[in-house]
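Novice: With the sequence up front, the predicted model follows.
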Amino acid sequence: MSYSDDVLAEKSTLWENLELLNERLPFVVEKLFDYVCECKNSRMLLTEAVQRLVCENPCQLTRPEVKYPYMIKELLHASYCGMGDRELWDGRYKVKYDLLGVGNSLTPDELKEALYEQCIIKAK
């Protein structure tokens, strides 16, 4: 498979942004998408894919049941707060936690948990 220069640049930028969060994250994200591609319908709940990571523990982590979900929650939070795949991210968050605009704000941990529990990943 060959990629255009634009796709390679985006992947390189994304990988560098992932490494900023955690040096293992590029590998972990690739594993997650491998799991999704193996699915019949090419989509699955993120929690199911992470559970498979926990069971297989490809990074040989201690306490994988804590560390893999934590990594993914940090990625979801960073993505929600401004990290993308087209420009290098400086680690600064650009978000207000008052999602409804009426003072009912979520804490960062509540937001991470909500994103984690509701996320579905799909392969194109």
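Specialist: Received, thanks. Numbering: from 1, shown residues only.
Novice: Helices of this protein, start to end?
Specialist: 5-21, 25-38, 46-56, 64-80, 108-118 (DSSP state H).
Novice: Out of these, the one nearest residue 89 is which?
Specialist: helix 5-21 (4.6 Å; CB to CB). Just so you know, the C-beta spots here come from the backbone N, C-alpha and C atoms, and that holds for glycine as well.
Novice: one step back: what's the closest of the helices of the chain to residue 91?
Specialist: Per CB to CB, nearest to residue 91 of the helices of the chain: helix 5-21, 6.2 Å.
Novice: and of the helices of the chain, who's closest to residue 94?
Specialist: helix 64-80 (9.9 Å).
Novice: Report the inter-axis angle for that closest one versus helix 108-118.
Specialist: 100 degrees (axes from the mean of the first three to the mean of the last three CA atoms, to 10 degrees).
Novice: Okay, buried residues for helix 64-80 please.
Specialist: 64, 67-69, 71-73, 75-78, 80 (16 or more other CB atoms under 10 Å).
Novice: related to what we said a few turns ago, which one of the helices of the chain lies nearest to residue 90?
Specialist: So among these, helix 5-21 is nearest, using CB to CB, at 8.7 Å.
Novice: avg pLDDT for that closest one?
Specialist: Taken as a whole, helix 5-21 has a mean pLDDT of 75.
Novice: ditto for stretch 51-71
Specialist: 96.
Novice: What of stretch 76-83?
Specialist: On average, stretch 76-83 scores 88.
Novice: now what about that stretch, what contacts it?
Specialist: Contacts to stretch 76-83, defined as CB atoms under 8 Å, 6 or more residues apart in numbering, come from residues 17, 21, 89, 92-95, 108, 111-112, 115-116, 119.
Novice: Repeat that for stretch 111-119.
Specialist: For stretch 111-119, using CB under 8 Å, 6+ apart, the contacting residues are 45-47, 69, 72-74, 76-77, 80, 97, 106.
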